[in-house]
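[1] structure for the following, please:
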Amino acid sequence: MLVLTRKIGEGIIIGDDIRISIIELKGGGVRIGIDAPREVKVHRQEVFDQIKQENREAAQWDITDLNELSSMLKSGREKS
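    Numbers count the residues shown, from 1 in each chain. A predicted model of the protein is given here:
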C-alpha cells in the first residue's frame, strides 16, 4: 500500500486518467473529489463490500430453487 500525505487542493493521479483531489478537512474526515472516466466504477468501500456480498449470495442457488423455477415456468406455459 502506498501512503501519501496531501494538503487541501493537492491531488493524486492514478494511471493517465484518474485524479483524486483533497477538497476539505472537516471534523476528523477528509472530503475528496474523484475525476475519472464514466466507464470506471467508483464506490465507497462499504458499498463495494455490500455489492460483492450480494453478488456472492445471488450466485448461490439450491436445487430446490431450480426445481421450483422449472415448475413455475412449466405451469406458465400450460396457461398460455
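[2] parallel or antiparallel, which strands does the longest strand out of those in the chain pair with?
    Scanning the chain for the strand with the most residues, using DSSP state E, yields strand 18-26. Sheet pairing for strand 18-26, assigned by DSSP bridges, gives strand 11-14 (antiparallel), strand 29-35 (antiparallel).
[3] outline the domain layout of the protein.
    Dividing the chain into domains by automatic domain parsing, as the record does, gives the ranges 1-40, 43-74.
[4] returning to what we had before: ok, which of the strands paired with strand 18-26 comes nearest residue 73?
    strand 29-35 (43.7 Å; Cβ to Cβ). Backbone N, C-alpha and C define where each C-beta goes, glycine included.
[5] let me know the next secondary structure element after the closest one.
    For strand 29-35, the following helix or strand on the C-terminal side (DSSP states H and E) is helix 45-59.
[6] next SSE after that following helix?
    Assigned by DSSP H and E, the successor of helix 45-59 is helix 63-79.
[7] which secondary structure elements does that following helix sit against?
    Based on contacts counted as 3 or more Cβ pairs under 8 Å, 6 or more residues apart in numbering; DSSP states H and E, there is no element that helix 63-79 packs against.
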